[in-house]
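J.: sharing a model that was predicted from the sequence below.
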Amino acid sequence: MLSRLMPPALIAMGWAVLFLPAAALRGLHYEEGRRALAAMNMLAEGNWLLPAVLDVPYLNKPPLLPWLIAGAGWLLGAVGEWAVRLPPLLATLAGGLLVYGLAARLGGRTAGLFGAAAFLLSPMILEKAAVGETDVTVTVTLFAGFLLWWLAAEGGRVPAWAWAGCALCLALAALAKGPIPLAFFAVGVGGMSLLAGRARDLLPLAGALSAALLALGAWALAVYEPGNAAHWQSEMRLNSSAGTLLSYLIARVELVGELLAMWSPWLWLALPLFVPAWRRRLGLDGESRTALALGLYAFGFLPVLLLWPDSLPRYAMPAVPALAVAAGLVAARLWALRPRRVRPALAAVVAVMAVGQVLVATGVVPLRAELYAYARPAGAALGAAMRADPAPAYFSSVIGDHNIMLYTGEPIREVPVGRAGRIAPPAWIVTTPEALPALRRRLPALPRTPAAEAVGRRGQPFWLMRLPADDAAPSVLEP
């Protein structure tokens, strides 16, 4: 019993060392503030299907991650940094354990441990594991469905309960990021079913995918208003132009380069499993079906991503668990065949990447305050000025930062610059120098100098302006 628990315990310890310092030392950054504000609105106002962020409906993504953050905030007592990061952190740990489970089942404990290390130390995972965004959650839920299908298919026929479990995993992924990531599961499982002569699985596969899309569609219908469809198309990068042929080709080459970098070094370690001649040299001939299944899941949807004009490297993150399993199988075989030459090299790769992550989390992050620690002091400065002379607060600029707005600790409503003339005095207005000229044309009574200043991401200034009480009559924006 103890020997069975040791590998998961080691994985959990590695996860804690790699990611908990990063979660503890960073202020909210990237899109974390937006997610936190949505979760806070869910808890405060009960807007569970369509939360508001700065009083603006949040339609960019389906609501799974804000649901999870709201749940974590309820358990922890507040929607703070740990509540925002707990869902992706736990998803990362679950991903490492799932990869270990499959790789160990196929190649033994050594393969499982190397596979888990490859997953946790993948550059894509290292970047997103301690950040309150959807990518890791989608990656792990999709792979959980794939693993469930894999284990059920070993028995020869996938039972209905297994397809129901796959549908649940797919629905969670769709409710986190939309329908496109489901293609990894669809191509991997569908392609393997066809090549393995299991065409009977295509109908339940279609049913599982349809159930997931039905869950996503039910949410979309519940919150739909005219204009939402165009907004969702934009969010999914479905309505953009490829530009000129030259710019398109350059972007494709850059994407390939970024993917190779983000999948390194584990892609190169996994590669022998997918090349028949190399597989034979390593004595992995019996893993041809494994290689085919992992390859279809990891790479089957890749041609579409590479051709897609607005594709980004993180869209390929669902491939990481399959690559990690493949890397674990190859690493275990090399570990057994060439111990003197290979073992030090494999151990060095794992150690260097782990030490690098710890150094980045504990050293680089605190030093790069303009990227990772700017929001807390900036929001505190603006919030202190607001509380010294209370009034309704608004944000009005085309350049925004939800992290700063959250850290003010004050309720703030977002108002487009074009509608700022309807703000009722007295009021606080957070804006930026770029928007101030247009803002003054609509609110001539704004003072010449800000009441407080704050520095946002990469030095972006944010100014807090006081609209005096004797300026104008109340308006429809008055609370």
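T.: That came in fine, so what should we check first?
J.: where does pLDDT dip in this structure?
T.: Low-confidence segments of the chain (pLDDT under 70): 1-2, 237-242, 363-370, 470-479.
J.: and the strands in it?
T.: 52-53, 56-57, 393-395, 412-414, 427-431, 452-455, 461-467 (DSSP state E).
J.: and those strands: which comes nearest Glu225?
T.: strand 56-57 (8.4 Å; CB to CB). Where C-beta positions appear, they are placed from N, C-alpha and C, glycine not excepted.
J.: okay, now the sheet partners of that closest one, with direction.
T.: Using DSSP bridges, strand 56-57 pairs in its sheet with strand 52-53 (antiparallel).
J.: figure out how far the strand it pairs with is from the centre of its chain.
T.: 19 Å (CA atoms, centre = their mean, to the nearest Å).
J.: over to stretch 190-202?
T.: Centroid displacement of stretch 190-202 relative to its chain, using CA atoms, centre = their mean, is 31 Å.
J.: name the residues that touch it?
T.: Ala153, Val158, Val189, Leu205, Arg289, Leu292, Ala293, Leu296, Gly300 (CB atoms under 8 Å, 6 or more residues apart in numbering).
J.: which of those residues are buried?
T.: Ala153, Val158, Val189, Leu205, Leu292, Ala293, Leu296, Gly300 (16 or more other CB atoms under 10 Å).
J.: grab the nearest non-local neighbour of Tyr297.
T.: Counting by CB to CB, 6 or more residues apart in numbering, Gly188 is the residue found nearest to Tyr297 once chain neighbours are left out, at 3.1 Å.
J.: tell me if I'm right that that neighbour and Leu292 touch.
T.: No - Gly188 is beyond contact range of Leu292, at 9.8 Å (criterion: CB atoms under 8 Å).
J.: before we move on, back to that, the contacts of stretch 190-202: which two are farthest apart?
T.: Val158 and Gly300 (18.6 Å).
J.: give the contact list for Val304.
T.: Val304 sits next to Ala183 when contact means CB under 8 Å, 6+ apart.
J.: quick check: beta-bridge partners of Met465?
T.: As for beta bridges, Met465 partners with Ile429 under DSSP bridges.
J.: okay, now it: neighbour count?
T.: Applying other CB atoms under 10 Å, we find 23 residues neighbouring Met465.
J.: can you pull the contacts of it?
T.: Met465 makes contacts with Trp428, Ile429, Val430, Thr431, Leu436, Leu439, Leu446, Pro447, Pro450, Ala451, as judged by CB under 8 Å, 6+ apart.
J.: quick one: list the elements packing against the helix of greatest length in the chain.
T.: If you go by DSSP state H, the chain has its longest helix at helix 81-107. Counting contacts by 3 or more CB pairs under 8 Å, 6 or more residues apart in numbering; DSSP states H and E, helix 81-107 packs against helix 2-25, helix 32-45, helix 64-76, helix 109-120, helix 123-128, helix 135-153, helix 320-337.
J.: list the buried ones in it?
T.: For helix 81-107, by 16+ other CB under 10 Å, it's 81-104, 106-107.
J.: again with stretch 448-467
T.: 450-452, 454-457, 460, 462-467.
J.: of all those, which two lie farthest apart?
T.: Arg457 and Leu467 (25.9 Å).
J.: burial count for the closest residue in space to Arg333 that isn't next to it in sequence?
T.: Leaving aside its chain neighbours, Arg333 sits nearest to Leu282 (4.8 Å; criterion: CB to CB, 6+ apart). Leu282 has 18 neighbours, counted by other CB under 10 Å.
J.: and what of the one 4 residues further on?
T.: Burial of Gly286 is recorded as 9 neighbouring residues (other CB under 10 Å).
J.: against Gly421, how distant is it?
T.: Separation of Gly286 from Gly421 (CB to CB, to the nearest Å): 73 Å.
J.: how close does Val342 sit to Val320?
T.: From Val342 to Val320 the distance is 23 Å (CB to CB).
J.: please read the previous query as pertaining to Ala445.
T.: Remark: distance between Ala445 and Val320 (CB to CB) = 54 Å.
J.: tally of neighbours for Asn228?
T.: Asn228 has 13 neighbouring residues, counting by other CB under 10 Å.
J.: ok, now which ones touch Glu32?
T.: When the contact criterion is CB under 8 Å, 6+ apart, the partners of Glu32 are Glu81, Val84, Arg85, Val131, Gly132, Glu133, Asn403.
J.: oh sorry, the question was meant for Gly95
T.: By CB under 8 Å, 6+ apart, the neighbours of Gly95 are Phe119, Leu120, Ile125, Val136, Thr139, Val140, Phe143, Pro321.
J.: filter the residues you listed down to the buried ones.
T.: Buried, going by 16+ other CB under 10 Å: Phe119, Leu120, Ile125, Val136, Thr139, Val140, Phe143, Pro321, out of those.
J.: pretty sure the second one is touching Met13, no?
T.: No - at 11.0 Å, Leu120 does not count as touching Met13 under the criterion of CB under 8 Å.
J.: count the residues that sit near Leu260.
T.: Neighbours around Leu260, by other CB under 10 Å: 12.
J.: cool, Leu214 as well?
T.: There are 12 residues near Leu214, going by other CB under 10 Å.
J.: still on that earlier bit, and the helices and strands packed on helix 81-107 as CSV, adding distance to Thr244?
T.: Listed next are those as CSV, based on distance: least, CB to CB, whole Å:
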stretch, distance to Thr244
helix 2-25, 40
helix 32-45, 33
helix 64-76, 36
helix 109-120, 38
helix 123-128, 29
helix 135-153, 30
helix 320-337, 32
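J.: tell me the buried residues in stretch 212-222?
T.: For stretch 212-222, using 16+ other CB under 10 Å, the buried residues are Ala212, Leu213, Ala215, Leu216, Trp219, Ala220.
J.: ok, now stretch 344-352?
T.: In stretch 344-352, the ones that count as buried by 16+ other CB under 10 Å are Leu346, Val349, Val350.
J.: using PDB, list the CA coordinates for stretch 96-105.
T.: Taking C-alpha atoms only, stretch 96-105 is exported to PDB below (Å, rounded to 0.1, in the frame of the first residue of the first chain):
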ATOM      1  CA  GLY A  96       0.000  15.200 -13.300                       C
ATOM      2  CA  LEU A  97      -1.700  12.300 -11.600                       C
ATOM      3  CA  LEU A  98      -3.700  11.300 -14.700                       C
ATOM      4  CA  VAL A  99      -0.600  11.300 -16.800                       C
ATOM      5  CA  TYR A 100       1.200   9.200 -14.200                       C
ATOM      6  CA  GLY A 101      -1.800   6.800 -14.200                       C
ATOM      7  CA  LEU A 102      -1.800   6.200 -17.900                       C
ATOM      8  CA  ALA A 103       2.000   6.100 -18.400                       C
ATOM      9  CA  ALA A 104       2.500   3.800 -15.400                       C
ATOM     10  CA  ARG A 105      -0.200   1.500 -16.700                       C
END
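J.: centre of the chain to it, how far?
T.: 22 Å.
J.: ok, residues contacting that stretch?
T.: 7-8, 11, 14-15, 111-116, 118-120, 140, 143-144, 147, 150, 321, 324-325, 328-329, 332.
J.: one more time with 6 Å
T.: With contact meaning CB atoms under 6 Å, 6 or more residues apart in numbering, stretch 96-105 is reached by 8, 11, 15, 111-112, 115-116, 119-120, 143, 147, 321, 324-325, 328.
J.: same thing with stretch 441-451?
T.: Contacts to stretch 441-451, defined as CB under 6 Å, 6+ apart, come from residues Ala385, Ala420, Gly421, Arg440, Trp463, Leu464, Met465, Arg466, Pro468, Asp471.
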